[in-house]
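>>> no sequence on hand, only this structure:
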């Protein structure tokens, strides 16, 4: 992708990330978008005889604190609390068919955590793939701290799209019994998807990326994958001072 590289944008991008005063507002927007989108998921099921009213209210209250954060650790703390409340709703959405008390990552300890980890990795990869098609450097991030061995800007973008691309697939494959208990390898302290189950999730994920919707501003159909690219373009415009960044929010 060398032909896409822009030294001018790279310098601007780095300047935005290195200064807290300029970095924090963008990081807040990522958390704001993620919070809105996961609340949208909860509202969908709340309207379908799954009582999530209290969870939605708690998350909305936490979300009001986002603009008042003064540094990244404080913002990440609120984001973590929002996610914790969100995951508390999973047993109700899955109608008690799977044991799930809290998010466990390394390694996942049950079927739901295994699916979340796998689904999130797919979203991260899709975001990285779209970043590579723009002039942005995936190494320079705003919400997550840049690291030596990860593309942290893809992690930032993934926060916004996980509710749409990962969580909705998890609810679908489990509630429609496309994946069942036998599709997981259970061991003493970890649980992983069997290869056959991974193929099911990947197929659903690829189908989801190709799904198209009518874009409200562009007035034409765009795929979910294209939505990720458009998010990158919005970020570029913000970095160049052309337009203030507003995160993607599910409108349907």
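Now that the structure is in, tell me what you want to look at. Fair warning: this is a prediction, and the values are worked out from it, not measured in the lab.

>>> low pLDDT regions in the stretch 1-150 of the chain?
1-4, 148-149 (pLDDT under 70).

>>> for residue 206, grab the count of nearby residues.
Residues lying near residue 206 (other Cβ atoms under 10 Å) number 12. Heads up, the C-betas are built off the backbone N, CA and C, glycines and all.

>>> which secondary structure element is home to the residue of the chain most remote from its centre?
Relative to the centre of the chain, the most outlying C-alpha is that of residue 188, 29.3 Å out, by Cα atoms, centre = their mean. Assigned by DSSP states H and E, residue 188 belongs to no helix or strand.

>>> state the distance from it to residue 108.
13 Å (Cβ to Cβ, to the nearest Å).

>>> and residue 247, by the same measure?
In terms of Cβ to Cβ, residue 247 sits 27 Å off from residue 108.

>>> ok, residues contacting stretch 51-68?
Outside of stretch 51-68, the residues within contact range by Cβ atoms under 8 Å, 6 or more residues apart in numbering are 28, 31-32, 35-36, 38-39, 42-43, 45-46, 75, 78, 81-82, 85-86, 88-89, 92-93.

>>> again, only this time at 10 Å
25, 27-32, 34-36, 38-46, 74-75, 77-89, 92-93 (Cβ atoms under 10 Å, 6 or more residues apart in numbering).

>>> quick one: which of those residues sit in helices?
25, 27-32, 34-36, 38-46, 74-75, 77-88, 92-93 (DSSP state H).

>>> what about burial for those residues, which qualify?
Buried members of the ones in helices among the contacts of stretch 51-68, counted by 16 or more other Cβ atoms under 10 Å: 27-32, 34-36, 38-42, 45-46, 75, 78-79, 82-83, 85-88, 93.

>>> around the residue nearest to residue 136 when sequence neighbours are not counted, count how many other residues there are.
Distances taken as Cβ to Cβ, 6 or more residues apart in numbering put residue 232 closest to residue 136, at 5.7 Å, once the chain neighbours are dropped. The number of residues packed near residue 232 is 20, by other Cβ under 10 Å.

>>> buried sites along the helix or strand harbouring residue 232?
Here residue 232 is covered by helix 224-239, with elements defined by DSSP H and E. Across helix 224-239, burial judged by 16+ other Cβ under 10 Å covers 224-232, 234-236, 238-239.
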